[in-house]
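Undergrad: sharing a model prediction with you, sequence too.
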Amino acid sequence: MRKWEDLVDTYLHKGLRKKLVEILKEKGISDVKVLEAIHAIPRHYFLDSAFDKIAYEDRAFPIAADQTISQPYTVAYQTQLLQIKKGEKVLEIGTGSMYQTTVLAAMGAQVFTIERQKQLFEQTPTFLFKEQYPTIQFFFGDGFEGLPLLAPFDKILITAAAPKIPEKLWAQLKVSGKMIIPLDESDAAQRMLRLTKKKDGSVKQEKFDTFSFVPMLEGKTQK
Ligand code: SAH
């Protein structure tokens, strides 16, 4: 985790971020609000200082507990599919570095985020943008369970490779709500799906590109 005194957003960082936004546009991200959020948020704040100079490459990087911060393209892609509107309640599974969480909050969502790795969850009190995004709520737990007491949600975003559609999460989605889920297709890849809950409770399924995520695992870690 970065120390406060290390946190400087230089012109170099800002310039690299602008370039990243251009790369994401070229790769097909067109939602201006998503691009604005990526442009606004210093991704290097969410990484160890060793990654300072490469933080704006369109790559995933290691974070604590053998996990990863998602590639910016993946963050932008999933966020674009979510079609976030201001004030919506969004449940994120896999807090990880808190970067995706912050992108959602920057777009005006009220974010509830769950992490199963204790080591990562224990970093959340040091969240840098607490004052800017006071509505984010962090939870330590198993994302397969969701947050039944806070349901229903307008949107649900899963940021780890799901072996199946988690039934309990589906139950926590509002009618007309959307779930973005990278679903295991083969050993190496996940198919990005957008599931919309129809009025009669049935599912409309849309298929998108394939990606590679760390696995969504049951239960939570003890340390
Ligand atoms: N959104 C994160 C992505 C982190 S990678 C970011 O941008 O940094 C996926 C994360 O999902 C990992 O931190 C992993 O520990 C977490 N995860 C995996 N299975 C989970 C589960 N069942 N519940 C909650 N978090 C889970």
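TA: Sure, I can see it. Numbering: from 1, shown residues only.

Undergrad: quick check: phi and psi at the spatially most central residue of the chain.
TA: With distances taken as Cα atoms, centre = their mean, Gln100 lies nearest the centre of the chain, 3.5 Å away. Per-residue torsions, Gln100: phi -60, psi -40 (degrees, to the nearest 10).

Undergrad: wait, doesn't it sit right on Val75?
TA: Yes - counting by Cβ atoms under 8 Å, Gln100 touches Val75, with 5.1 Å between them. Bear in mind the C-beta positions are built from the backbone N, C-alpha and C, glycine included.

Undergrad: thinking again about what came up before, from Ser202, how far out is the residue nearest to the centre of the chain?
TA: 28 Å (Cβ to Cβ, to the nearest Å).

Undergrad: quick one on the thing from earlier: shared neighbours of Gln100 and Val75, anything?
TA: Both Gln100 and Val75 lack any common contact, where contact means Cβ atoms under 8 Å, 6 or more residues apart in numbering.

Undergrad: can you pull out the helices in the chain?
TA: 11-26, 32-40, 72-82, 99-106, 118-121, 167-171 (DSSP state H).

Undergrad: pull the longest one out as PDB, backbone CA atoms only.
TA: Once non-C-alpha atoms are left out, helix 11-26 reads as follows in PDB (Å, rounded to 0.1, in the frame of the first residue of the first chain):
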ATOM      1  CA  TYR A  11       1.800  16.300 -15.100                       C
ATOM      2  CA  LEU A  12       3.600  13.100 -16.300                       C
ATOM      3  CA  HIS A  13       0.900  10.900 -14.600                       C
ATOM      4  CA  LYS A  14      -1.900  13.200 -16.000                       C
ATOM      5  CA  GLY A  15      -0.400  13.000 -19.500                       C
ATOM      6  CA  LEU A  16      -0.100   9.200 -19.400                       C
ATOM      7  CA  ARG A  17      -3.600   9.000 -18.200                       C
ATOM      8  CA  LYS A  18      -4.800  11.100 -21.200                       C
ATOM      9  CA  LYS A  19      -3.000   8.700 -23.500                       C
ATOM     10  CA  LEU A  20      -4.600   5.700 -21.700                       C
ATOM     11  CA  VAL A  21      -8.000   7.300 -22.400                       C
ATOM     12  CA  GLU A  22      -7.100   7.600 -26.100                       C
ATOM     13  CA  ILE A  23      -6.000   3.900 -26.200                       C
ATOM     14  CA  LEU A  24      -9.300   2.900 -24.600                       C
ATOM     15  CA  LYS A  25     -11.200   4.900 -27.200                       C
ATOM     16  CA  GLU A  26      -9.300   3.200 -30.000                       C
END
